[in-house]
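Chemist: Just to be clear, the model below is a prediction. Sequence and coordinates:
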Amino acid sequence: MRTAVLGAGSWGTAFAKILADAGGDVALWARRPAIAEAIRSTGYNPDYLPECRLPERIAATADPFEALEKAEIVVLAVPSQTLRRNLAEWAGHIHPDATLVSLMKGIELGTTKRMSEVIVETAGVAADRVAVVSGPNLAPEIALSQPAATVVACTDIARATLVQKAITTPYFRPYTNDDVVGCELGGAVKNVIALAYGIATAMGLGDNTKASLITRGLAETTRLGVALDADPLTFAGLAGLGDLVGTCMSPLSRNRTFGEHLGRGLSLEQAQAATRYTAEGVKSCLAIRDLARSLRVEMPITEQVERVCHEGVAPKIALAALMSRETKPE
Ligand SMILES: NC(=O)C1=CN([C@@H]2O[C@H](COP(=O)(O)OP(=O)(O)OC[C@H]3O[C@@H](n4cnc5c(N)ncnc54)[C@H](OP(=O)(O)O)[C@@H]3O)[C@@H](O)[C@H]2O)C=CC1
Ligand SMILES: O=C(CO)COP(=O)(O)O
């Protein structure tokens, strides 16, 4: 099967490796020609996964149209906030029967749309042609072929199964699911909770605090999901609890690391300057807060993360605000 991965950052590159290890012929698009050239000539992506030798079945290119040629599966792995702009350029070159796969874990600023919604709108495809892959999948671990499981969500289960087959390897185990909304929300909101977890970590707070953040974070994610007709059980699975725990616990997480910068007292600008990679929760916390408010869903942790990130509120003030909310049943 011929596949294209658009985006040669950490996850796009690791995902290309999965597809190739599963037997696919993979074209990997890198925005910078130097990255494509380095992958072609050395077999390594020096900026994102310098320790991972990439399979020879991966053909790197800086030409998105070359990557898209004859691709039956098109994987999108760019930052959530640039997807609409990127896809508008690429859409006319996507094969009419191709399955589009979103790897992104964010919500669009301004529109509060999920990535699959942005894909449907921008590429002009039916929703059942879009699949989402989401789960506890830290790219550097997967690049080392460490075992992990994931979810392939699509409203067309035949397409989900096609993608499942294309990414099954001895170290990567995908499950299918038809709850696209739940899987996308699980992935996007866990990045915001991971920011809170990172803030708490840097404040020197202990495991009770962290477990409370994870559990109440999952509660507010589920509330938002239920308001958008997601299956609440999805949040107990890999794309919900699994990803939330994996991301919060891992020092490899960019969102948790970004939160640690904020928790040490860095401003948003200082934290951004200290961060090379995409930490989706930083922008998505605004969009998720707006989405929740529009649906009258309470998301207190998300609200406080937004205040710390974007309103300059000190972490200890945000924490006090969370702890002084009116008491209520669980
Ligand atoms: N990393 C991970 O472990 C996981 C990430 N994800 C999700 O995958 C998505 C992609 O993340 P990831 O690969 O990790 O991100 P990285 O930060 O590692 O890489 C970002 C990639 O996007 C490219 N890029 C940046 N700006 C633009 C733009 N304006 N137009 C087109 N391409 C651009 C970068 O190119 P350049 O190098 O030229 O700047 C780079 O290839 C995110 O939504 C993330 O949440 C999901 C699961 C795991
Ligand atoms: O989504 C991820 C793991 O599943 C990666 O999380 P970070 O973007 O925080 O590194």
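Modeler: Cool, the structure landed. Numbering: from 1, shown residues only. Ligands and ions are numbered 1, 2, ... in the order given.

Chemist: and the gap between Ala158 and Lys165?
Modeler: Using CB to CB, to the nearest Å, we find Ala158 at a distance of 11 Å from Lys165. The C-beta positions use only the backbone N, C-alpha and C, and glycine is treated the same way.

Chemist: For the stretch 201-330 of the chain, what lies in contact range of ligand 2?
Modeler: For the stretch 201-330 of the chain, the residues in contact with ligand 2 (CB under 6 Å from any ligand atom) are Asp243, Gly246, Thr247, Ser253, Arg254, Asn255.

Chemist: again, only using 8 Å
Modeler: For the stretch 201-330 of the chain, the contact set with ligand 2 under CB under 8 Å from any ligand atom comprises 243, 246-247, 250, 252-258, 277-281.

Chemist: Among those residues, show me the least confident.
Modeler: In terms of pLDDT, Thr278 ranks lowest among those, with 86.

Chemist: I'd assumed Thr257 was in contact with that residue.
Modeler: No: if you go by CB atoms under 8 Å, Thr278 and Thr257 don't touch, sitting 11.8 Å apart.

Chemist: which of the two has more neighbours?
Modeler: Taking other CB atoms under 10 Å, Thr278 and Thr257 do not tie; Thr278 has more neighbours (24 against 21).

Chemist: In a strand, that one, correct?
Modeler: No: checked against DSSP: H, G, I helix; E, B strand; the rest coil, Thr278 lies outside a strand; its state is coil.

Chemist: quick revisit: of the residues of the stretch 201-330 of the chain next to ligand 2, which is the most crowded?
Modeler: Highest neighbour count within these, by other CB under 10 Å: Gly281, with 32 neighbours.

Chemist: quick one on the thing from earlier: could you check which of Ala158 and Lys165 is surrounded by more residues?
Modeler: Applying other CB under 10 Å to Ala158 and Lys165 shows that Lys165 carries more neighbours, namely 14 against 10.

Chemist: Please enumerate the strands of this protein.
Modeler: Using DSSP state E, the strands found in the chain span residues 2-6, 25-29, 58-61, 73-76, 99-102, 130-134, 148-153, 172-177.

Chemist: now the third one: mean pLDDT?
Modeler: Which is strand 58-61. Strand 58-61 carries an average pLDDT of 98.

Chemist: residues in contact with the closest residue to Ala230 other than its chain neighbours?
Modeler: Nearest non-adjacent residue to Ala230, counting by CB to CB, 6 or more residues apart in numbering: Gly182, 3.4 Å away. The neighbourhood of Gly182, defined by CB atoms under 8 Å, 6 or more residues apart in numbering, consists of Ala153, Gly225, Ala230, Asp231, Pro232, Thr234, Phe235, Ala239, Gly240.

Chemist: what about the residue lying closest to Ala22 once chain neighbours are set aside, neighbour count?
Modeler: Once flanking residues are discounted, Ala22 sits nearest to Thr169: 5.0 Å by CB to CB, 6+ apart. Thr169 sits with 17 neighbouring residues when counted by other CB under 10 Å.

Chemist: so what pLDDT did Thr169 get?
Modeler: 98.

Chemist: Would you mind measuring from it to Pro46?
Modeler: According to CB to CB, Thr169 and Pro46 sit 24 Å apart.
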